[in-house]
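Chemist: sequence and computational prediction follow.
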Amino acid sequence: MNNYEIFYIFSLCLGIFLYYYFFYTRYNNKKIVKDKMGKNEILRLILIVLFVLIPPFTYFYLKDFNYNIPDEIKNIAFGILMVALVCIIKTSFDLGNEFSFTLQLRKDHKLVETGIYKYIRHPMYFCGLLFIAAQSLLIPNVIGNLSNLFAIVLFWKGRIPDEEKMMIKEFGDKYKNYMKKTKSVIPFIL
């Protein structure tokens, strides 16, 4: 394995650890009053796990679909991956006790509008975009990149609209005003 592959695997493990850390330390500390964990949400979570695992699997075991990326580009991807990991930590801390893996509202749920949430409503998806971009460059494989593209479309067309509907239903005009002041996923752009 080259240094880029080792770093990618380390970063993937670190990202999973961080997610589980926040899951176990924050997820169970408030009572859930509304849970949108329907069949579609379960399917999306399963697919996301698969899309995190498909690219490395295809890169290491379906080598006929790999392509070369210059080391200079891989160095940039390394930087993007570091930004994604920092972004995950920042987003999780800014969200605080409102953090959850699924579409859930808890007792006394608060709308977070500070920190990174001052600029975008869905920063964890922004972190995911950064991670996927870096992953596509660090472990270049046609099948893996197609699975990444599918993961992005899945979230953009499925999860984000469901989450926005839930937040509008819960917070009404407050959330609609928040939507006017912020971008959805990419700061200052989209």
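Modeler: Okay, I see it.
Chemist: for this protein, what helix or strand is lowest in average pLDDT?
Modeler: Counting by mean pLDDT, DSSP states H and E, the weakest-scoring helix or strand in the chain turns out to be strand 32-35, with a mean of 56.
Chemist: can I take it that residue 68 is in a strand?
Modeler: No - per DSSP: H, G, I helix; E, B strand; the rest coil, residue 68 lies outside any strand segment and is coil.
Chemist: that one contacts residue 140, correct?
Modeler: Yes - using Cβ atoms under 8 Å, residue 68 is in contact with residue 140, at 7.2 Å. (Each C-beta comes from the backbone N, C-alpha and C, glycine too.)
Chemist: tell me which of these two has more neighbours.
Modeler: residue 140 (20 against 7; other Cβ atoms under 10 Å).
Chemist: show me what contacts that one?
Modeler: 59, 66-69 (Cβ atoms under 8 Å, 6 or more residues apart in numbering).
Chemist: can you select the buried ones from these in PyMOL?
Modeler: Applying 16 or more other Cβ atoms under 10 Å to those leaves a buried subset, and the PyMOL line that selects it is:
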select buried, resi 59+66+69
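Chemist: can you give me the helices in this structure?
Modeler: 3-22, 39-61, 71-95, 123-138, 142-154, 160-171, 173-181 (DSSP state H).
Chemist: quick one: average confidence on the fifth one?
Modeler: Model confidence over helix 142-154, given as mean pLDDT, is 85.
Chemist: thanks again, I'm all set now.
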